[in-house]
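Peer 1: next one to model:
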Amino acid sequence: MRLFLSVVLICFSISLFAQKNYPQQYFRNPMNIPMDLSANFGELRSNHWHMGLDIRTQQRENLDVYAAAEGYVSRIRVEPGGFGQAIYITHPNGYTTLYAHLNAFYLALQQYVKEQQYNLESWAVDLQISPTLFPVKKGAYIAKSGNTGGSQGPHVHFEIRDTETERCINPLLFDFPIKDNVPPTIVRLAMYDRTQSVYTQSPVLYSLRKTSGSYELAGTRIIQSPVERISFALQANDKITGSSNPNGIFSATIFCDNTPMTSFVIDDVGYDETRYMNAHIDYRLRKKGGAYLQHLSRMPGDLSNIYKDYNNDGVINLSDTSMHLIRIEVTDAHNNKSTLQFNVQYKGNDKPAGNTNADVMLYPGDMNVFEQEEFEVVINETAIYDTVPVNYSRTNAVAGSISASHKIGEETIPLHNNITIRIKPTEDVAEEIRDKIVVYKDKGGRGAVAKGNWQNGWISASFREFGTFRAVIDTTPPEINSLGSGDTLNLKTLTRIVFRPKDVSGIKNFRAELDGKWLRFTNDKYTSHIYVFDEKWNYGVRELKVTAEDIVGNKTTKSWWIRR
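Peer 2: So this is what the prediction gives:
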């Protein structure tokens, strides 16, 4: 009977991560160089999981990129941040591949995109393309690699999505030519008191050591818990054969007394849920400069799809003072596995639960409204992941502000979606300038800003972080750098024109016109607006007019007569 039970447990452990039947070797490497990764699917990033593979391009740009399989170009996206310039190819097997941070598309597609940009009078575009326009064969040249958008260095970001749902699938499940026989590394264990919120405590951290292919606690094999309800988190990473780059782990399962409790599996994630990564990690610890710790239990407000609950949500209830065996299995997408095992025991002296220093708390799953004489905040049901203290304070208005500064929450606590801030000004605001109000979220020397909306004597704005907020009048128009002085500028020796408009509240719109017609300036990484002289600029004397507008509608316009 004991042997039978052991076999059942082993089989159950293996079945936890049974992968779906994804097509094998259907997609090819989108590059003609070895598939060397700088990041994998599910790697932990700021406010999101990494949703594809980052393929190294040997620290170079403008390498050829190829279609991973037969299909058609279904979408083109051009934006200052994010993907930069990206191609989507839809395939007949129900999947769509994405290739991002590109410098250029293949010639016919590049010309089509440019035409659409001029038709729409916008460099940033998101184009849905007919299946008949740009069919491609497997291995067809489609683009040049680059470093555009949110990229920090030359590479190609590659994704595989379910065409119907648009959920991103882990590309390593499709049998690409990547060798991996290296099991994940488990670096550290953390324990949490779950009689209170994870945001009102610091976890107890345990160092680990590796022995005989598995991991154990470095100091002791027994954890003494002062409370009955606890949960655990891991710091872990993964590497592929021949690479020292630490990537994200694929899955982890926690067992208590050989009974599986819960697991997380990073196999497919939608962009509508990728921000739940902030619930999956100890956000507070990370925001304070600590390591990424991945919870082995679902937070109360976590609605993502990555956790699979078997017997509970991963919170362990120690209802007696007996010794309980905890086993944690961590795997990668190639089924390499590492195991951590230890014992835990309840000491029987529960400490008081909750944060005794906070009078008012905010709760996940509730519509939370906090009201003061000059300040209100509305937080919807899905905005927070665990109970958090309000921690409100007020300070008098600083020079240049029309309101006091109001602090709500802590920046070390994540928000899943926007909260509505309402501020009552401390002075009268003339009706004609009420549309020039902005709300600042102070953050040292760098903060966020949003347009304020005047409503019945209150100013409202939306933000996605807690912090300190104040209202300001902005009547200052943007600054536009000059191209030179004189009646007519001679730019015959230049190959491009660059503008770097500046504004205290941020540039909302930039528009350039050549002899009254829209002229395409690129805006990669939001830093500069650049026009490279092309067929749109014929030789002779032409008028260039540029307008920059900030978020409250202040505008600056400059014009020059230019000879080419």
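Peer 1: neighbours of S559, how many?
Peer 2: Residues within reach of S559, counting by other C-beta atoms under 10 Å, total 11. For every residue, glycine as well, the C-beta is placed using N, CA and C.
Peer 1: surely it and R542 touch.
Peer 2: No - contact criterion C-beta atoms under 8 Å: S559 and R542 do not qualify, at 10.8 Å.
Peer 1: A140 contacts A68, correct?
Peer 2: No - under the criterion of C-beta under 8 Å, A140 makes no contact with A68, lying 10.1 Å away.
Peer 1: could you check which of the two is surrounded by more residues?
Peer 2: Between A140 and A68, A68 has the larger neighbour count (other C-beta under 10 Å), namely 27 against 14.
Peer 1: skipping its backbone neighbours, what lies nearest that one in space?
Peer 2: Once flanking residues are discounted, A68 sits nearest to F27: 4.1 Å by C-beta to C-beta, 6 or more residues apart in numbering.
Peer 1: show me the contacts for the one you found.
Peer 2: F27 makes contact with 68-69, 95, 97, 160, 171, 174, 176, according to C-beta atoms under 8 Å, 6 or more residues apart in numbering.
Peer 1: what about 7 Å?
Peer 2: Counting by C-beta atoms under 7 Å, 6 or more residues apart in numbering, F27 touches 68-69, 97, 160, 174.
Peer 1: relative to L53, which of those residues is nearest.
Peer 2: Relative to L53, the closest of these is I160; by C-beta to C-beta it sits at 9.0 Å.
Peer 1: got the contact list for the strand or helix carrying the closest one?
Peer 2: Assessed by DSSP states H and E, I160 sits inside strand 155-162. By C-beta under 7 Å, 6+ apart, the list of residues contacting strand 155-162 from outside reads 27, 30-31, 38, 51-57, 65, 83, 94-101, 145, 167-169, 171, 174.
Peer 1: show me the contacts for V552.
Peer 2: By C-beta under 7 Å, 6+ apart, the contact set of V552 is 435-436, 438, 451, 474, 505.
Peer 1: Y531 is in contact with V498, isn't it?
Peer 2: No - the criterion here is C-beta atoms under 7 Å, and Y531 misses it with V498 at 8.0 Å.
Peer 1: and K407, that's in a strand?
Peer 2: Yes - assigned with DSSP: H, G, I helix; E, B strand; the rest coil, K407 falls within a strand.
Peer 1: what pairs with it across the strands?
Peer 2: S393, T468 (DSSP bridges).
Peer 1: ok, the residue nearest the centre of the chain to F41 distance?
Peer 2: Nearest to the mean C-alpha position of the chain, by C-alpha atoms, centre = their mean, lies H48 at 3.1 Å. Using C-beta to C-beta, to the nearest Å, H48 is found at 12 Å from F41.
Peer 1: likewise L217?
Peer 2: Using C-beta to C-beta, L217 is found at 30 Å from F41.
Peer 1: then V546?
Peer 2: Distance, V546 to F41, by C-beta to C-beta: 42 Å.
Peer 1: neighbour-wise, which of the two wins?
Peer 2: A side-by-side neighbour count of V546 and F41, using other C-beta under 10 Å, places F41 first with 28 against 23.
Peer 1: ok so, going back, I'd say the residue nearest to the centre of the chain and E273 touch.
Peer 2: No - look at H48 against E273 with C-beta under 7 Å: they stay out of range, at 9.6 Å.
Peer 1: show me the strands in the stretch 401-550 of the chain, by range?
Peer 2: In the stretch 401-550 of the chain, the segments counted as strands under DSSP state E, counting those that start in this stretch are 405-408, 419-423, 437-442, 448-451, 453-455, 458-463, 467-473, 488-490, 496-499, 507-514, 517-518, 529-532, 541-550.
Peer 1: with distance to R563 and mean pLDDT as extra columns, can I get the ones you listed in TSV?
Peer 2: Shown next, in TSV, are the strands of the stretch 401-550 of the chain (distance: least, C-beta to C-beta, whole Å; pLDDT from 0 to 100):
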stretch	distance to R563	mean pLDDT
strand 405-408	52	97
strand 419-423	51	98
strand 437-442	40	95
strand 448-451	40	95
strand 453-455	46	97
strand 458-463	46	98
strand 467-473	42	96
strand 488-490	5	95
strand 496-499	13	98
strand 507-514	13	97
strand 517-518	18	98
strand 529-532	16	98
strand 541-550	5	97
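Peer 1: so which of these is nearest D313?
Peer 2: Distance to D313, taken as C-beta to C-beta, is lowest for strand 419-423 among those, at 25.6 Å.
Peer 1: tell me what that closest one is packed against?
Peer 2: When contacts are defined as 3 or more C-beta pairs under 7 Å, 6 or more residues apart in numbering; DSSP states H and E, strand 419-423 sits against strand 375-379, strand 458-463, strand 467-473.
Peer 1: nearest to V73, of those strands?
Peer 2: Comparing those by C-beta to C-beta, strand 458-463 comes nearest, at 35.4 Å.
Peer 1: packing partners of the closest one?
Peer 2: Where contact means 3+ C-beta pairs under 7 Å, 6+ apart, strand 458-463 is packed against strand 419-423, strand 437-442, strand 448-451, strand 453-455.
Peer 1: lowest average confidence, helix or strand, in the chain?
Peer 2: The helix or strand of the chain with the poorest confidence is helix 2-15; it has a mean of 43 (mean pLDDT, DSSP states H and E).
Peer 1: let me see the mean pLDDT of the helix or strand following it.
Peer 2: Per DSSP H and E, helix 2-15 leads on to strand 37-39 as the next helix or strand towards the C-terminus. Strand 37-39 carries an average pLDDT of 96.
Peer 1: adjacent strands (with direction) for the next helix-or-strand element following strand 37-39?
Peer 2: With elements assigned by DSSP H and E, the helix or strand that comes after strand 37-39 is strand 44-45. Strand 44-45 has the following sheet partners, assigned by DSSP bridges: strand 48-49 (antiparallel).
Peer 1: mind checking the pLDDT average for the partner strand?
Peer 2: Averaging pLDDT along strand 48-49 yields 98.
Peer 1: give me the contact list for that strand.
Peer 2: Defining contact as C-beta under 7 Å, 6+ apart, one finds that strand 48-49 is touched by 42, 266, 269, 274-275, 277.
Peer 1: same check on stretch 261-274?
Peer 2: With C-beta under 7 Å, 6+ apart as the test, stretch 261-274 has contacts from 16-17, 41-42, 48-49, 51, 166-170, 173, 248, 250-255, 280, 296-298, 304-314, 316.
Peer 1: in that stretch, what's buried?
Peer 2: Applying a neighbour-count criterion of 16 or more other C-beta atoms under 10 Å, one finds 261-270, 273-274 buried in stretch 261-274.
Peer 1: did I read that right, Q235 in a strand?
Peer 2: Yes - Q235 sits within a strand when classified using three-state DSSP.
Peer 1: residues touching it, list them.
Peer 2: 187-188, 291-293.
Peer 1: how close does it get to K287?
Peer 2: Separation of Q235 from K287 (C-beta to C-beta): 15 Å.
Peer 1: quick revisit: can you add distance to T395 and mean neighbour count and give the helices and strands packed on strand 458-463 back as TSV?
Peer 2: Shown next, in TSV, are the helices and strands packed on strand 458-463 (distance: least, C-beta to C-beta, whole Å; neighbours: other C-beta atoms under 10 Å):
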stretch	distance to T395	mean neighbour count
strand 419-423	13	21
strand 437-442	10	21
strand 448-451	18	19
strand 453-455	23	14
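Peer 1: rebuild those strands as a markdown table, extending it with distance to K337.
Peer 2: Shown next, in a markdown table, are the helices and strands packed on strand 458-463 (distance: least, C-beta to C-beta, whole Å):
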| stretch | distance to K337 |
| --- | --- |
| strand 419-423 | 41 |
| strand 437-442 | 44 |
| strand 448-451 | 42 |
| strand 453-455 | 53 |
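Peer 1: to K407, which of the ones you listed lies closest?
Peer 2: Among the helices and strands packed on strand 458-463, the nearest to K407 by C-beta to C-beta is strand 437-442 (9.0 Å).
Peer 1: partner strands of that closest one, with direction?
Peer 2: Using DSSP bridges, the strands paired with strand 437-442 are strand 448-451 (antiparallel), strand 467-473 (antiparallel).
Peer 1: no further questions, thank you.
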